[in-house]
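>>> Requesting a structural model of the entry that follows:
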Amino acid sequence: MRFSKIFSMIATLLLVVGVSKTPAQDPPQESSSKPASPPDDMKPKPSAQQKKDSATQNPPDQPTWDPLRAEKDLEVGQYYMRRGDVDAAIDRFQDATTAKPGYAIPFRFLGEAQEKKGLKKQAIKSYQRYLDLYPHAEDGEKIRKKIEKLYKEVEKEKRN
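Reported below is the predicted structural model:
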């Protein structure tokens, strides 16, 4: 079995165990002079900005470098790309570059997502970083051609 599959199974198990909380585990209600909070269906719904995915961010007391999180971010980012959610994929690939900065693969995927979104300058930077980290990549020539094509497109846009 591949390491990522094992990690995925463990993460799923932990998620299921952590979510399936029985009422017996809830702490007893304390009496206080504060009014009770409104039920969940009465609370205002969070906006799109408030719904930012914080699952990929380490708490302040944890180190930023986390290769396991980087692998999971890559896996989830690729899933988002297949689903067509390029923005979510970009977020996950950027998180992977933060979690494991010297790892080349997230930069290639980030470049692809940025290119698909039309962020040509950022895609050039991501592809270039990929080649800097992995100069003898099997797809290196293909990536160099993509960079050259994107440079031409950016220059053409500048002239117009």
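>>> So for the lengthiest helix in the chain, mean pLDDT?
In the chain, assigned by DSSP state H, the helix with the most residues is helix 140-159. Averaging pLDDT along helix 140-159 yields 93.
>>> cool, and stretch 115-127?
96.
>>> got a list of contacts for that stretch?
81, 86-87, 90, 107-108, 110-112, 114, 143, 146-147, 150-151, 153-154, 157 (CB atoms under 8 Å, 6 or more residues apart in numbering). Placement of C-beta: from N, CA and C, glycine included.
>>> So which bits of it are buried?
Residues E115, L119, K120, Q122, A123, I124, K125, S126, Y127 are the ones in stretch 115-127 that count as buried (16 or more other CB atoms under 10 Å).
>>> helices and strands around the longest helix of the chain, which ones?
For helix 140-159, the packing partners by 3 or more CB pairs under 8 Å, 6 or more residues apart in numbering; DSSP states H and E come out as helix 105-117, helix 120-133.
>>> rerun that using 7 Å as the cut-off
Judged by 3 or more CB pairs under 7 Å, 6 or more residues apart in numbering; DSSP states H and E, helix 140-159 is in contact with helix 120-133.
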